[in-house]
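In: Got a predicted structure here, sequence first:
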Amino acid sequence: MPVPDAPAATTAAASEQGAVEEGAMERGAVKQGAPVAINPHKSPSKKLTDEQLRERLAEVRRKLAALDSHCTATDGSSPNEAGELSTTEKWGKTIYGDVRGMRYGVVEYPTKKDQDRWDHFSELSDESPQAQRADVGTPAAMEFQFQQPIMHAFGVFDGHGCSAAAADVCKAYLLQEPIAPQLNERNCSLCVDEVLNDPAPGTTQHMQLAPLKKGLVPSDAAIAESFRSVDAQVAREHRDVRCGTTATSVYIGYEPASDTWDVKCGWAGDSRAVLIEPDAKTFANLAIDHRIENDAERERIDVAAKTDLLPNGTPRSYITRRQNSRGEYGPKAVFSGATGISHLMTRSIGDPHGAPALIPDAEIISKQGVANGSWVVLASDGMWDVIDEVGVAKVVRGTRHPARAARKLTLDSVTRRRQHGMIPDDVTVIVIELRHPSVQPTESRGGVTDEATAMFYRAALGALLLALVLGGWVRYNEGHT
């Protein structure tokens, strides 16, 4: 069936909402290792002069510098004076955290849109009743602590439409939804004997205990159900609001027996995640964009356009380009035949007024046996529009620190978007370094920081050079007297 032309009313609606839809942030497919191609549809009609561009770049640098200037370490000194922070501290929109050796950095750069959200929580097994029975600080307690499962969860939610309501709901519920029953059961009644004695497979007790034996990383079914559940909640609570969000959730579980990590990513939309090996040169994608450029997604919507029709024969969901008074513009988008509202992504949470083919079903990628020293980076498309996985790995390799990497990726993203005259978009970047739970970060060992060590060696080298110069000068004078 040929795709019908968009009705006048729906065309107008699509044009009106084009400026606020997240779909206006177009990202072309990026080949691994290839330069990032800037999409021409992103360029505004007004070309910036060199002076205007310099002013905008200076403004970006001032804004990011202001974020760091508000950072205060635990002793009241600035991060440059005290070295990197060893506890979670917030300055402006930047966060650096260290949870039992696993370090992470988060940087948010909001625009006027300000619809990006993120979330994080950790489940540490030493908070359980059986761990609390041991005397804190004793060798037995330390051994128990580092032999128990640990789970961390991170999420990025890139809202779009007229409100950040959908992203706010995801921030409040999505990460906890898959493991809430297990955590409640664990905190109430589980003990060491129940964990050690394996119940019969298939029983309720076995299902409840399974996550505790595997680092608490939830099952694929639990993650998929959480996406559908939160989508239904958005539909109930915000039926009259045109809002939606991408959602990318990453669960990271430590396996004490093998001293490795399990990493599982569930996503809907185009907020991407990548796993980087310890050498920071090789990587594996944890999420693939749900966009029309994805062949499987395009075929799924084409089938829906032929089979799911309105009474007048118009497809409820179809793919075509947006239109305004000047004609068609931009890349192809997924349209709702009933409302005319369009999106560039093919899956999302919320969007009750979007096309029925815009589903909330999460896809899931799992990686087992991930080595200590690996990195996980997840971000909204404000970054992925202009930096590909190769570029991300290069920044991680150059900084070797999650907060510094997150800051540089954010600055580079905003700078490149302005250099190419692209539409402003929120940028949220999370960089996670996976380390053995007992490893203490270098900057907190005995109060000695990486910065302090570097300063010591520089001072020692300077003193040595000065001694050599003075010695040579003295010998020179003695030979001429």
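Out: Received it, and whenever you're ready, just let me know what you need. Residues are numbered from 1 along each chain as shown.
In: Dihedrals phi and psi, residue 163?
Out: Note on residue 163: its backbone torsions stand at phi -160, psi 150 [degrees, to the nearest 10].
In: surely it meets residue 244?
Out: No: counting by Cβ atoms under 8 Å, residue 163 stays clear of residue 244, with 9.4 Å between them. (Each C-beta comes from the backbone N, C-alpha and C, glycine too.)
In: Pick out whichever of these two has more residues nearby.
Out: Taking other Cβ atoms under 10 Å, residue 163 and residue 244 do not tie; residue 244 has more neighbours (35 against 17).
In: List the residues that contact that one.
Out: Going by Cβ atoms under 8 Å, 6 or more residues apart in numbering, residue 244 touches 22, 159-161, 166, 234, 343, 348-351, 354, 358.
In: What is the three-state secondary structure of it?
Out: strand (DSSP: H, G, I helix; E, B strand; the rest coil).
In: now it, which residues is it bridged with?
Out: residue 160, residue 350 (DSSP bridges).
In: mind checking how far it is from residue 328?
Out: Using Cβ to Cβ, to the nearest Å, we find residue 244 at a distance of 24 Å from residue 328.
In: what does residue 222 give?
Out: 42 Å.
In: out of these two, which sits in the more crowded spot?
Out: residue 222 (19 against 11).
In: which residue packs closest to the more buried one, ignoring adjacent ones?
Out: Closest residue in space to residue 222, ignoring its immediate chain neighbours: residue 178 at 3.8 Å, by Cβ to Cβ, 6 or more residues apart in numbering.
In: repeat for residue 397
Out: The nearest residue in space to residue 397 (Cβ to Cβ, 6+ apart) is residue 280, at 3.6 Å.
In: The one you found: neighbouring residues, count only.
Out: 20.
In: Quick check: it touching residue 377?
Out: No: in this structure residue 280 lies outside contact range of residue 377 using Cβ under 8 Å: 10.7 Å.
In: Mutual contacts of the two, please.
Out: Jointly contacting residue 280 and residue 377 under the rule Cβ under 8 Å, 6+ apart are residue 396.
In: of the contacts of residue 244, the lowest pLDDT goes to which?
Out: In terms of pLDDT, the weakest of these is residue 22, which scores 38.
In: Point to the helix or strand of the protein where mean pLDDT is at its lowest.
Out: Within the chain, no helix or strand scores below helix 79-82, which has a mean of 32 by mean pLDDT, DSSP states H and E.
In: Point out where the protein drops to low pLDDT.
Out: Along the chain, segments meeting pLDDT under 70 span 1-54, 56-93, 100-101, 124-149, 180-216, 438-457, 479-481.
In: returning to what we had before: just say helix, strand or coil for the residue nearest to residue 397.
Out: With three-state DSSP as the criterion, residue 280 reads coil.
In: Next, find the distance separating it from residue 433.
Out: Between residue 280 and residue 433 the computed distance is 10 Å (Cβ to Cβ).
In: okay, and the common contacts of the two?
Out: residue 375.
In: returning to what we had before: quick one, phi psi at the residue nearest to residue 397?
Out: Per degrees, to the nearest 10, the backbone of residue 280 is at phi 60, psi 20.
In: Same check on residue 463?
Out: Per degrees, to the nearest 10, the backbone of residue 463 is at phi -60, psi -40.
In: Run a quick neighbour tally on it.
Out: The local packing of residue 463 (other Cβ under 10 Å) involves 10 other residues.
In: what does residue 343 give?
Out: 27.
In: beta partners for it?
Out: Assigned bridge partners for residue 343, using DSSP bridges, are residue 334.
In: For it, give its distance to residue 115.
Out: 14 Å.
In: residues in contact with stretch 105-114?
Out: 20, 63-64, 67, 93-97, 116, 118, 120, 164, 382, 401-407, 409-410, 413-414, 424-431.
In: Can you give me the end-to-end span of that stretch?
Out: 20 Å (Cα to Cα, to the nearest Å).
In: Report the contact partners of residue 297.
Out: Contacts of residue 297 (Cβ under 8 Å, 6+ apart): 290, 291, 346, 347.
In: my bad, should have said residue 309
Out: By Cβ under 8 Å, 6+ apart, the neighbours of residue 309 are 315, 316.
In: if you set the cut-off to 6 Å instead, what comes out?
Out: Taking Cβ atoms under 6 Å, 6 or more residues apart in numbering, we find residue 309 in contact with residue 315.
In: what's across from it in the sheet?
Out: Going by DSSP bridges, residue 309 forms beta bridges with residue 315.
In: Confirm residue 233 sits in a strand?
Out: No: counting by three-state DSSP, one finds residue 233 to be helix, located in no strand.
In: out of everything not next to it in sequence, what's closest to it?
Out: Distance criterion Cβ to Cβ, 6+ apart; nearest residue to residue 233, sequence neighbours excluded, is residue 169 at 5.9 Å.
In: quick one: that neighbour and residue 234 touch, right?
Out: Yes: the criterion here is Cβ atoms under 6 Å, and residue 169 meets it with residue 234 at 5.2 Å.
In: Quick check: phi and psi on residue 389?
Out: phi -60, psi -40.
In: Spit out the contact partners of it.
Out: Residue 389 touches 274, 283, counting by Cβ under 6 Å, 6+ apart.
In: what about it, distance to residue 395?
Out: For residue 389, the distance to residue 395 - Cβ to Cβ - is 11 Å.
In: one step back: now, the contacts of stretch 105-114 that are in strands?
Out: Among the contacts of stretch 105-114, DSSP state E puts 94, 95, 96, 97, 116, 118, 120, 427, 428, 429, 430, 431 in strands.
In: Could you report the distance from the third one to residue 234?
Out: Spelled out, that is residue 96. 31 Å.
In: How about the second one?
Out: According to Cβ to Cβ, residue 95 stands 26 Å off from residue 234.
In: And the two? Which one has more around it.
Out: Legend: neighbour count by other Cβ under 10 Å for residue 95 and residue 234, higher for residue 234 (26 against 20).
In: Not counting residues beside it along the chain, what's closest to residue 342?
Out: Nearest to residue 342 is residue 333, by Cβ to Cβ, 6+ apart, at 3.9 Å.
In: Over to residue 261: give its phi and psi.
Out: Per degrees, to the nearest 10, the backbone of residue 261 is at phi -120, psi 150.
In: count of residues packed around it?
Out: 26.
In: show me what contacts the nearest residue to it once chain neighbours are set aside?
Out: In space, and not counting its chain neighbours, residue 261 is closest to residue 370: 4.2 Å by Cβ to Cβ, 6+ apart. With contacts defined as Cβ under 6 Å, 6+ apart, the neighbours of residue 370 are 260, 261, 263.
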